[in-house]
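Trainee: Following is a predicted model, sequence given first.
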Amino acid sequence: QDACVATPSHLPLLVLLAPGIDAGPDFDRSARATGQTLRCISIGRGVRKTLEDAARRGTWVWIRNCQNLGMACLREVDEFVDEVLIGQSGPVARDFRLLLTSQSFTAFPLTLLQRCLRVALEPPRGICASLHRAADV
């Protein structure tokens, strides 16, 4: 949750998920706590336009389940990061955040992986921790 807020607008946050874990409630909570709008994308169509619009407006974009997206979509995201966030070829509002979630998979574009702040989200250990996390959701 704190990683969403602490990550600068030019640095995507990649959350690597263990099977059965959902980062959605954490992203939702962070967005609400900071007064941000969270837009979720789970299909790759028009992702570049959505990212450019969100970067200009300063909204948060969550691209979920990257392991299920086509490589063309991930290349679009990688090009956006390279050209707009790193190369500064377009406007990026200070409040913009690019949040990616994925389970581990070998085809994830290496350049995109290297450009992201990476965080692993694993299931809590023990029954008490699991119940506590379930109650927080």
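Mentor: Thanks, I have the structure now. Keep in mind that what you see is a predicted model, and the values were worked out from it rather than measured.
Trainee: Spatially central residue for the chain, please.
Mentor: Centroid-nearest residue in the chain: residue 99, 1.4 Å away (criterion: Cα atoms, centre = their mean).
Trainee: The helix or strand where residue 15 lies: partners in the sheet, and parallel or antiparallel?
Mentor: Of the helices and strands defined by DSSP states H and E, residue 15 is found in strand 13-17. Counting by DSSP bridges, the strands paired with strand 13-17 are strand 97-102 (parallel), strand 117-121 (parallel).
Trainee: what's the most buried one of the ones you listed?
Mentor: A comparison of the strands paired with strand 13-17 by mean neighbour count, using mean count of other Cβ atoms under 10 Å, puts strand 97-102 on top with a mean of 24. In this view, the C-beta of every residue, glycine as well, is placed from N, C-alpha and C.
Trainee: Give me the below-cutoff pLDDT ranges for the chain.
Mentor: 1, 44, 126-137 (pLDDT under 70).
Trainee: can you map out the helices along it?
Mentor: For the chain, helices defined by DSSP state H occupy the ranges 2-6, 24-34, 47-57, 71-80, 110-115, 127-136.
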